[in-house]
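[1] What follows is a predicted structure for the sequence shown.
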Amino acid sequence: MAGKAAGKPPEEILLDWKREQASLKARVVDLDTEAWQRDPAFSGLQRVGGVDVSFVKDDSGSACASLVVLSYPELEVLYEDCRMVTLTAPYVSGFLAFRELPFLVDAVQQLRQREPCLMPQVLFVDGNGVLHHRGFGVACHLGVLTDLPCIGVAKKLLQVDGLENNALHKEKIQLLKAGGDSFPLMGGSGTILGRALRSHDHSTKPLYVSVGHKISLEAAVRLTHSCCKFRIPEPVRQEQGGTKAKGVPPRSLRRACRV
């Protein structure tokens, strides 16, 4: 995600965006809502999805909005949709959703209408959830608007509520010895905003996992780890592989519904 563009919206637009975030934030559920989330082996989970907006090199206004659905636990691609879009809203830190989310919501709605049997039971988002300036990142926004469980997975620490990528934080990272090890990201307010996760035995850089919607942090971290063949969870890695490497959409792929 990201991809910065010049220009900043008028202050009244930013105020409207803040009001919308505050209103939708009240609808976020940070608890497990599905039976599979409470099962140690995630029994009942069959489909996991990933979304992202990838930018064309040297063109901050053109992007590829992608949605991929994988089987679980096999992590084989069942569905992939990628379309070129034109972004009209500029990038503003803390308001990423208003730039990119309409296209991701549309991709989910298209799948829901055309092939509902391939709808993911959970979405991984390349971004943050409650680990956000106002506690309502793009993963929360997408979850509320689609009514799907969502997990925010970021590659860099968003330094909010007193969280800092300082020497102490780096020391904690060094203590993550094996895939699945994690530590809480507690802000200055005393709230745990997410967890830093060593997602794979051979990965030294952590992922920053936070709740998006309709899942607990504990389940979000466990599922993220279980979806990692490499550092990045497969639902995100698979859809980024065809877009970020070349800046063009991958071949559209749809497979027949499994009965």
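    That came in fine, so what should we check first?
[2] tell me what the lengthiest helix in the chain is packed against?
    Criterion DSSP state H: the longest helix present in the chain is helix 96-114. Helices and strands touching helix 96-114, by 3 or more Cβ pairs under 8 Å, 6 or more residues apart in numbering; DSSP states H and E, are strand 47-56, strand 59-71, strand 77-86, helix 138-146. (Glycine included, C-beta is placed from N, CA and C.)
[3] Kindly format the C-alpha coordinates of the shortest one as PDB.
    This file holds the C-alpha atoms of helix 138-146, laid out as PDB (Å, rounded to 0.1, in the frame of the first residue of the first chain):
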ATOM      1  CA  VAL A 138      -7.300   0.500   7.100                       C
ATOM      2  CA  ALA A 139      -7.800  -3.100   8.300                       C
ATOM      3  CA  CYS A 140     -10.500  -1.800  10.700                       C
ATOM      4  CA  HIS A 141     -12.100   0.300   8.000                       C
ATOM      5  CA  LEU A 142     -12.200  -2.600   5.600                       C
ATOM      6  CA  GLY A 143     -13.600  -5.000   8.200                       C
ATOM      7  CA  VAL A 144     -16.400  -2.700   9.300                       C
ATOM      8  CA  LEU A 145     -17.500  -1.900   5.700                       C
ATOM      9  CA  THR A 146     -17.400  -5.500   4.500                       C
END
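[4] mind listing what the helix or strand just after that helix pairs with, with the direction of each?
    Following helix 138-146 in sequence order, the next helix or strand is strand 150-154 (DSSP states H and E). With DSSP bridges as the test, strand 150-154 is paired with strand 123-125 (parallel), strand 207-213 (antiparallel).
[5] Might you report the residue contacts of the closest residue to residue 151 other than its chain neighbours?
    Leaving aside its chain neighbours, residue 151 sits nearest to residue 220 (4.5 Å; criterion: Cβ to Cβ, 6 or more residues apart in numbering). With contact set as Cβ atoms under 8 Å, 6 or more residues apart in numbering, residue 220 has these partners: 151, 209-212.
[6] out of the residues you listed, which is most surrounded?
    residue 212 (34 neighbours; other Cβ atoms under 10 Å).
[7] That residue against residue 140, yeah?
    Yes. Residue 212 lies in contact with residue 140 (Cβ atoms under 8 Å); the separation is 5.2 Å.
[8] hey, what's in contact with both of these two?
    In contact with both residue 212 and residue 140: 129-130, 150, 152, using Cβ under 8 Å, 6+ apart.
[9] In a markdown table, list those along with distance to residue 176 and pLDDT.
    Converted to a markdown table, the shared contacts of residue 212 and residue 140 look like this (distance: Cβ to Cβ, whole Å; pLDDT from 0 to 100):
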| residue | distance to residue 176 | pLDDT |
| --- | --- | --- |
| 129 | 21 | 98 |
| 130 | 21 | 98 |
| 150 | 24 | 98 |
| 152 | 19 | 98 |
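[10] Going by distance to residue 230, which of those wins?
    Nearest to residue 230, judged by Cβ to Cβ, of the shared contacts of residue 212 and residue 140 is residue 152 at 18.8 Å.
[11] If the closest one is in a bridge, with which residues?
    residue 125, residue 210.
[12] What count of nearby residues applies to it?
    31.
[13] List the contacts of it.
    125, 127-131, 137-140, 194, 208-212.
[14] how close does it get to residue 10?
    Distance, residue 152 to residue 10, by Cβ to Cβ, to the nearest Å: 28 Å.
[15] cool, and residue 128?
    Counting by Cβ to Cβ - residue 128 and residue 10 are separated by 25 Å.
[16] between these two, who's got more neighbours?
    Higher neighbour count among residue 128 and residue 10: residue 128, with 31 against 8, using other Cβ under 10 Å.
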